[in-house]
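A.B. asks: Below: sequence and its predicted model.
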Amino acid sequence: MGSLYQKVQRIETLQKTVDREIRQFKLANAINCLQHCSECCRYNDIQATPLEFLPFAWHAYRLGQLECWLEKLENTNTDQCIFYLSSPDGWGCTVYPVRGLICRLFGFSGSTDKNGNPVYGACRILKQAMPETVEKAREKLKKGGKIPVISAFYRRLATIDPVNGNEFMPLNLAIKKALEIVYFHCVYRECA
Ligand code: SF4
């Protein structure tokens, strides 16, 4: 097990790989989110692992915001992501560069069928708004096209820390646990 900072760096490297593969999939299939959609951030049943929010927690600590976020999470009574903002003052993910793995993968990633072949599910909004584009992407995949596979990326995440990378839980709880990991590590061990 490496140091906490080494873990953060490895997760950030994995995030960059995800982002690159998602970009390639979007370009290859001329597909993208609808402008100002963010419907997926409003779901209240998103599951995530604490590990994927470790980079967020680390940066919150470095900015001196860790305890403030912990307090917010302790006082929230919503299952919707605490980072999602929808108000006249702003809109969308307020921590976009350090969002989780699921946030990056959702909508443009695949699962696998019983033969291990990748399958593109697409989100409800895209299936309704651009069914032909989604269908073309699926056909392309059957002919050998590429798509980031969710389970493969979560397996890679879990190699960084099998305990915190394998446990799925409601999104806000995963964020809180990530903050607690950094809190106990940094506050008690006084990391640099
Ligand atoms: S972290 Fe950001 S991208 Fe992920 S669900 Fe929350 S608001 Fe959406």
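C.D. replies: In hand now; what should we look at? Numbers count the residues shown, from 1 in each chain.

A.B. asks: State the distance from Y183 to P170.
C.D. replies: Distance, Y183 to P170, by C-beta to C-beta, to the nearest Å: 19 Å. Every residue, glycine included, has its C-beta placed from N, CA and C.

A.B. asks: err, R155, not the other one
C.D. replies: Distance from R155 to P170, by C-beta to C-beta: 22 Å.

A.B. asks: Repeat that for Y5.
C.D. replies: 27 Å.

A.B. asks: wait, does the worst-scoring helix or strand of the chain on mean pLDDT contact the ligand?
C.D. replies: The helix or strand of the chain with the poorest confidence is strand 90-93; it has a mean of 84 (mean pLDDT, DSSP states H and E). Yes: if you take C-beta under 6 Å from any ligand atom as the test, strand 90-93 does meet the ligand, through C93.

A.B. asks: R138 - how many residues pack around it?
C.D. replies: Per other C-beta atoms under 10 Å, the neighbour tally for R138 reads 18.

A.B. asks: Just give the nearest non-adjacent residue to it, would you?
C.D. replies: By the measure of C-beta to C-beta, 6 or more residues apart in numbering, the closest residue to R138 outside its immediate chain neighbours is Y120, 5.1 Å from it.

A.B. asks: Hmm, that neighbour is touching K146, no?
C.D. replies: No: Y120 is beyond contact range of K146, at 10.7 Å (criterion: C-beta atoms under 8 Å).

A.B. asks: So for those two, which residue has more residues nearby?
C.D. replies: Legend: neighbour count by other C-beta under 10 Å for Y120 and K146, higher for Y120 (22 against 13).

A.B. asks: more neighbours, R155 and P170?
C.D. replies: Here R155 and P170 are compared on neighbour count by other C-beta under 10 Å; more neighbours surround P170, at 15 against 12.

A.B. asks: So which elements touch the helix or strand harbouring R23?
C.D. replies: According to DSSP states H and E, R23 maps onto helix 4-29. Packing partners of helix 4-29 (3 or more C-beta pairs under 8 Å, 6 or more residues apart in numbering; DSSP states H and E): helix 54-62, helix 101-105, helix 131-142, helix 150-160, helix 171-189.

A.B. asks: For the third one, buried residues please.
C.D. replies: Meaning helix 131-142. For helix 131-142, burial by neighbour count (16 or more other C-beta atoms under 10 Å) applies to T133, V134, A137, R138, K140, L141.

A.B. asks: Setting the sequence-adjacent residues aside, check what's closest to the first one.
C.D. replies: Spatially, and ignoring its direct neighbours in sequence, T133 is nearest to I31 (5.2 Å; C-beta to C-beta, 6+ apart).

A.B. asks: The third one now?
C.D. replies: Beyond its immediate neighbours in the sequence, the residue positioned closest to A137 (C-beta to C-beta, 6+ apart) is N29, lying 4.1 Å away.

A.B. asks: Now do that neighbour against C40, distance only.
C.D. replies: 18 Å.
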